[in-house]
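Peer 1: build me a structure from this.
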Amino acid sequence: MKTAITVIISLLTFATSIGQNARKLDTIYANEKMNLALFFPTNIRQGIVGAKNFVFTYNREHAQPLGLLKATKGNQSNLLVVTTDGKVYSYIIKYADSLKEVNRFISYSESIGHEHKRKALVIHDTIKRDSSLVIHKQYSKAFLEKSSVAILKLPERKNYIKRKKGMSLAIRNMVYYEDLVFIQFEIKNESGIDFDIDYLKVAMVIGNGKRRASYQSVPLKPQYVHKMPIKTRHAETSRFVYVLPKFTLGHNEKLEFRLKELKGNRELTMRRRL
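Peer 2: I've put the predicted structure just below:
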């Protein structure tokens, strides 16, 4: 509790310092049909939106200056971005049926200040929200595990399958909870050879991977993985759960699931709009 109070005080102090240097915030428009690409001067370390009808995605594994903003119809909100050099950027965000721009290059002059190594923006599991800003909380491992167990017990509602040479990768369930998405996967092996798993990667993609000029991919890193096997033996079926950050797909965007064999050439790639 003491830690939570300290973080809240830091957040209020940070907000006050911004207010002292008050400036009118620019408005950025987004929708669900297209990606609005925001290119920051330096790599993005953290991005926060203030309402559930907006989603801001960026590469959490390997920092990049590119962030993608999408929205569904709803109230206006705000976007707060902190880059790796400590610069803070803040915008009003609104939904629009059509966009005048789909690419925006952010300049250093748009920064509203520097975080000064404050801990104000650290996500803490005891902080949920104030009147204007949603801080996406960190969920405890116990909660994610319990929820994943429950997902595995649900009746199967999805039937997306990719088959190749006796192997199959399937999605059997998909459940949204607050700013999380639980996906139940199934790997079935009827190939006659055990399948050692190297990885299962998930990404939002647009375009054709064979035509690199038009291909874009934004990885979605799981916040938690429940009971993913290291091997699926012949005549065996494995079921497990990925917990991903919430996402919104654009009109031409799909999810890509890439299952790769360890020390082997077998690979299954499935692209779907779920």
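Peer 1: please enumerate the helices of this protein.
Peer 2: Secondary structure of the chain (DSSP state H): helices at 2-20, 141-153.
Peer 1: average pLDDT across the longest one?
Peer 2: Think helix 2-20. For helix 2-20, the mean pLDDT works out to 40.
Peer 1: do the same with stretch 45-59
Peer 2: 91.
Peer 1: for that stretch, what is the distance to the chain centroid?
Peer 2: 8 Å (CA atoms, centre = their mean, to the nearest Å).
Peer 1: between its first and last residues, how far does it reach?
Peer 2: Start to finish, the residues bounding stretch 45-59 are 9 Å apart (CA to CA, to the nearest Å).
Peer 1: and for stretch 238-258?
Peer 2: So stretch 238-258: terminal residues 16 Å apart, CA to CA.
Peer 1: low-confidence ranges, the protein, go.
Peer 2: 1-23, 115-138, 207-215 (pLDDT under 70).
Peer 1: repeat that for 50
Peer 2: Within the chain, the stretches with pLDDT under 50 are 1-21, 117-136.
Peer 1: most centrally placed residue in it?
Peer 2: residue 245 (4.1 Å; CA atoms, centre = their mean).
Peer 1: all strands for the stretch 51-200 of the chain, in order.
Peer 2: 54-58, 66-71, 77-83, 87-95, 103-105, 113-114, 160-164, 167-177, 180-189, 195-206 (DSSP state E, counting those that start in this stretch).
Peer 1: which among those strands is found nearest to residue 145?
Peer 2: Closest to residue 145 of the strands of the stretch 51-200 of the chain is strand 180-189 (CB to CB; 11.6 Å). C-betas here are computed from N, CA, C, even on glycine.
Peer 1: against which helices or strands is that closest one packed?
Peer 2: helix 141-153, strand 167-177, strand 195-206, strand 231-232, strand 236-245 (3 or more CB pairs under 8 Å, 6 or more residues apart in numbering; DSSP states H and E).
Peer 1: save the ones you listed as JSON lines, and put in distance to residue 84 too.
Peer 2: Formatted as JSON lines, those follow (distance: least, CB to CB, whole Å):
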{"stretch": "helix 141-153", "distance to residue 84": "27"}
{"stretch": "strand 167-177", "distance to residue 84": "30"}
{"stretch": "strand 195-206", "distance to residue 84": "22"}
{"stretch": "strand 231-232", "distance to residue 84": "38"}
{"stretch": "strand 236-245", "distance to residue 84": "19"}
